[in-house]
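> Below: sequence and its predicted model.
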Amino acid sequence: MAEPSPPPPPPSNSGLRILLAKDRAPTSSPSAPAAVSSHADRDRIIGVFRTALSRNEAPEAFALQAVQEAIKPQKQTVLVLEENQTLENALRRLLQELVSSAVQSGKGIMQYGNSLDSGESNCLITRLLDIMLYLCERGHVEGGMVFQLLEDLTDMSTIKDCKDVFGYIESKQDVLGKQELFGRGKLVMLRTCNQLLRRLSKSNDVVFCGRIIMFLAHFFPLSERSALNIKGVFNTSNETKYEKDATDGISVDFNFYQTLWSLQEHFRNPALTTTNPTKWQKFASNLTVVLSTFEAQPLSDADGKHNNLEQEEDAAFNIKYLTSSKLMGLELKDASFRRHILVQCLIFFDYLKAPGKSDKEGPSESMKEEIKSCEERVKNLLEVIPPKGKEFLQSIEHILEREKNWVWWKRDGCPAFEKQPFEKKSGQAGARKRKPRWRLGNKELAQLWKWAELNPDALTDSDRVRMPSVTEYWKPLAEDMDTSAGIEEEYHHKNNRVYCWKGLRFQARQDLEGFSRFCDYGIEGVVPPELLPPDVRAKFNSKPGEKAKRPKREDTKGTSAHPREPQVAAATPETDGGGSGGDQEEGAVPMDSDNGAGEDGQKRSPGEVSGPESGQCEAEDDGEDNTKSAHSRDRR
């Protein structure tokens, strides 16, 4: 009977997955193959992957098949924990052999295996890393395996080779930063970079150190607390050593030399300087001496051109300057050196003025005045230092302003920047979007109506905008009417039609009597009297109806000596026979009444108005007119 052919390898999308030992089902047969652990099996795995490295195909074509051939898992789609550990140990051993072979050949480890004739990049170590990165990304093997290989590779490489290895890491940053890999290998990558930073020189490998720090800044999220100085601890080990005693042959003032470099002691630990008044006074006096020296020896444009680094592509930057007293004269003429010192001063001042500090933590009032004056002098010096002093100062101010945002963020507990996506409920997934119930002309009003429907208590909310009182609303107009305020006529509120229209509506709802004054005095008469000054208030006290009646009666008296009697006599024959004498008198008197009053009088019955009452009114009016005539004759 022929042996059954081996089952075909599973498709790549259903590849191997990791199965922990505690989750693995017990084998039914006691003769099941044991986990691969012998050296012979490890050498066999290494041989399988050496053969796979020689293939000129993409890792997708053979990577999963190589793992299945090397491990021979108990199940075609399952890779248990012991098998995964065996695979990792074998690959780490293979990586060590490749690095040893590269060193013996005299080539760089990231160039070992390249073909000089074809010029193609076929580095064996790069191929191995690509295969493992593919397997980890697809979940066929444990996700932290590729990070472990990268850590071993940096530990076995020299500083020169580490630059090439780190270049590979930078090129695969997007894949390594995926969620399925980041959670498994972020601590290993952080340990790898920190160990590499400890090996590098902070003065000779500044660019490489910057590359590592920038990679960590992009690789980890902004809210990652492991990269933050939460407690605000200063690097007190960064000590600047300078000469304490003067030596022979120095052409500069040694006191100024000591004063300049003593500022670094305060920059190293600003908190200690601000809490100790003695140290603060010493710092302020030393800084004043340095700033006065810089102001007394300004730099020319020629000095700025000599120190212009824009034309030097491979310019090297050092984070610390040499402190020899013999170099003091040259450093004073260096524009970059002056900017270095002055920018340190601005950072120091920015720390003292950091937002969110309490009165105990912040500087005192006298310190604030000194900080303000010194800061202005520092900015003026930065502005005049060539080349492009103004542009340089603007850039520094912009950076310091943005730093305040980070200070607030750290003081608030470093909340996460990433927001979780909004997840719709299952019932709302297929629901159709409802339109507003009423279409009120535009989108905003319709949305407002819809919002009010969802929140019926919105209209009765006490926090809503309430209707102002009449006294509160007319205050601006009352201030305009005050002549002592000196407000010009064209700027008065009475010229604002919308303001007057709203005020009249408020007045009609709250004070109907005050609203009636609008017919007599206009909009200014509606203003409550208690808001007006005394001289303006007297203008609106008298009733305009009385003023209109009295001059009219006096003019009538001037035309005839007995005006009232003819009117009454003339009115009697004109009335209808159905009316009484009282009705006739009321028809003749109303100089101030409307036509409606006459119509009302015509509808009344003759018995409603008595004759004596009307006669009494007529007698009183005649007596008043006779008295006025007598007074006028006496004056003449």
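The structure has been received and is ready for your questions.

> do you know how far G47 is from Q96?
Look at G47 and Q96: by C-beta to C-beta, to the nearest Å, they are 15 Å apart. (Each C-beta comes from the backbone N, C-alpha and C, glycine too.)

> same deal with S201?
Relative to Q96, S201 is positioned 27 Å away (criterion: C-beta to C-beta).

> Give me the more crowded residue out of the two.
More neighbours surround Q96 than the other of S201 and Q96, with 13 against 10 (other C-beta atoms under 10 Å).

> Which other helices and strands does the host helix or strand of that one contact?
Taking DSSP states H and E as the criterion, Q96 maps to helix 81-105. Packing partners of helix 81-105 (3 or more C-beta pairs under 8 Å, 6 or more residues apart in numbering; DSSP states H and E): strand 17-19, helix 39-53, helix 59-71, helix 124-138, helix 145-156.

> Put together a markdown table for the ones you listed, with distance to K107, mean neighbour count and mean pLDDT on each row.
Converted to a markdown table, these look like this (distance: least, C-beta to C-beta, whole Å; neighbours: other C-beta atoms under 10 Å; pLDDT from 0 to 100):
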| stretch | distance to K107 | mean neighbour count | mean pLDDT |
| --- | --- | --- | --- |
| strand 17-19 | 36 | 16 | 46 |
| helix 39-53 | 16 | 16 | 88 |
| helix 59-71 | 23 | 19 | 86 |
| helix 124-138 | 11 | 21 | 91 |
| helix 145-156 | 15 | 21 | 94 |
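
> Mind checking those for the one nearest to G108?
helix 124-138 (9.9 Å; C-beta to C-beta).

> Run the angle between that closest one and helix 59-71 for me.
Counting by axes from the mean of the first three to the mean of the last three C-alpha atoms, to 10 degrees, helix 124-138 lies at 90 degrees to helix 59-71.

> And the helices in the stretch 251-400 of the chain?
Taking DSSP state H, counting those that start in this stretch as the criterion, the stretch 251-400 of the chain contains helices spanning 254-268, 270-275, 277-296, 301-306, 328-332, 335-352, 365-384, 389-411.

> how about stretch 366-375: buried residues?
Judged by neighbour count (16 or more other C-beta atoms under 10 Å), stretch 366-375 contains these buried residues: M367, E370, I371, C374, E375.

> Let me see the ranges of the helices in the stretch 451-600 of the chain.
Counting by DSSP H, counting those that start in this stretch, the helices of the stretch 451-600 of the chain are 470-473, 475-481, 497-510, 512-516, 518-521, 534-537, 544-559, 564-574, 581-588, 595-603.

> now the longest one: mean pLDDT?
Taken as a whole, helix 544-559 has an average pLDDT of 45.

> right, so of the helices of the stretch 251-400 of the chain, which gets closest to G139?
So among these, helix 389-411 is nearest, using C-beta to C-beta, at 35.2 Å.

> what helices or strands is that closest one leaning on?
Looks like helix 389-411 contacts helix 335-352, helix 365-384 (3+ C-beta pairs under 8 Å, 6+ apart).

> which of those helices sits most buried?
Comparing the helices and strands packed on helix 389-411 by mean neighbour count (mean count of other C-beta atoms under 10 Å), helix 335-352 comes out on top with a mean of 18.

> For the nearest residue to E370 once chain neighbours are set aside, give me the pLDDT.
Using C-beta to C-beta, 6 or more residues apart in numbering and skipping residues adjacent in sequence, the residue nearest E370 is A284, 5.5 Å away. Here, the pLDDT recorded for A284 equals 94.

> likewise N318?
60.

> Ok, Y521 next?
83.

> Can you get me a residue count around it?
Y521: 13 neighbours (other C-beta under 10 Å).

> which SS state does A416 fall under?
coil (DSSP: H, G, I helix; E, B strand; the rest coil).

> how about it, what does it touch?
P221, S223 (C-beta atoms under 8 Å, 6 or more residues apart in numbering).

> And the pLDDT for it?
On the pLDDT scale, A416 is placed at 77.

> how near is it to S223?
In terms of C-beta to C-beta, A416 sits 4 Å off from S223.

> re the thing from before, kindly reformat the helices and strands packed on helix 81-105 as CSV and extend each row with distance to R466.
Formatted as CSV, these follow (distance: least, C-beta to C-beta, whole Å):
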stretch, distance to R466
strand 17-19, 65
helix 39-53, 79
helix 59-71, 70
helix 124-138, 62
helix 145-156, 63
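
> Can you check which of these gets nearest to D248?
Set against D248 and scored by C-beta to C-beta, the helices and strands packed on helix 81-105 come closest in helix 145-156, at 48.9 Å.

> which other helices and strands contact the closest one?
So helix 145-156, by 3+ C-beta pairs under 8 Å, 6+ apart, packs with helix 81-105, helix 124-138, helix 159-171, helix 179-199.
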